[in-house]
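**Q** Would you be able to build a 3D model of this:
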Amino acid sequence: MKVGTLRFPTTPESRYFVHKDCLWRCTNPGLDEVVRQRFVKELMASSREVAATRRVSNTATLITAREKGHVTEVSLGERGPILWNDDTDCNRHLIKNTPYKDQQFKFASAVAKTILENRRSGFRF
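**A** As a prediction, this is how the structure comes out:
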């Protein structure tokens, strides 16, 4: 996900975005925009393929479609080896279980900031 267009708050160094109290790895910022867009289109196509395959219950095709999605996510930097040198990967971890638990996040909008603050105080929507 391109950091500049996020609707979700991000960690100070923009490695992760926050969604439902969980950290999700952002797209590799070193990717060329044209390449990134191509991978995003491939990822969306594989998502549609997974959905269509699940409707017809074809296990072999489902496995292949999920593998395509995984390979694309690795290409985007959202999965696979981490892109930084401190050996910490908090992808898909709850904020409260990471070094970011007391961090201030960068917010793309006031709405995102309010949602995260409400969640931290125990309020659920």
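**Q** going forward, measure contacts and count neighbours with C-alpha atoms only.
**A** Noted.
**Q** Pull up the gap between Asn85 and Gln103, please.
**A** Using C-alpha to C-alpha, to the nearest Å, Asn85 is found at 20 Å from Gln103.
**Q** Let me see the ranges of the helices in this protein.
**A** Taking DSSP state H as the criterion, the chain carries its helices at 33-56, 59-76, 110-120.
**Q** quick one: low-confidence parts of this structure?
**A** By pLDDT under 70, the weakly predicted segments of the chain are 1-6, 104, 106-125.
**Q** 50 instead?
**A** 1-4, 6, 125 (pLDDT under 50).
**Q** if we can go back for a sec, compare Asn85 and Gln103 (neighbour count), which wins?
**A** Shown here are Asn85 and Gln103; by other C-alpha atoms under 10 Å, Gln103 has more neighbours (10 against 6).
**Q** OK, contacts around the nearest residue to Thr61 once chain neighbours are set aside?
**A** Distances taken as C-alpha to C-alpha, 6 or more residues apart in numbering place Thr53 nearest to Thr61, at 6.6 Å, with adjacent residues excluded. By C-alpha atoms under 8 Å, 6 or more residues apart in numbering, the contact list for Thr53 reads 59, 61-62.
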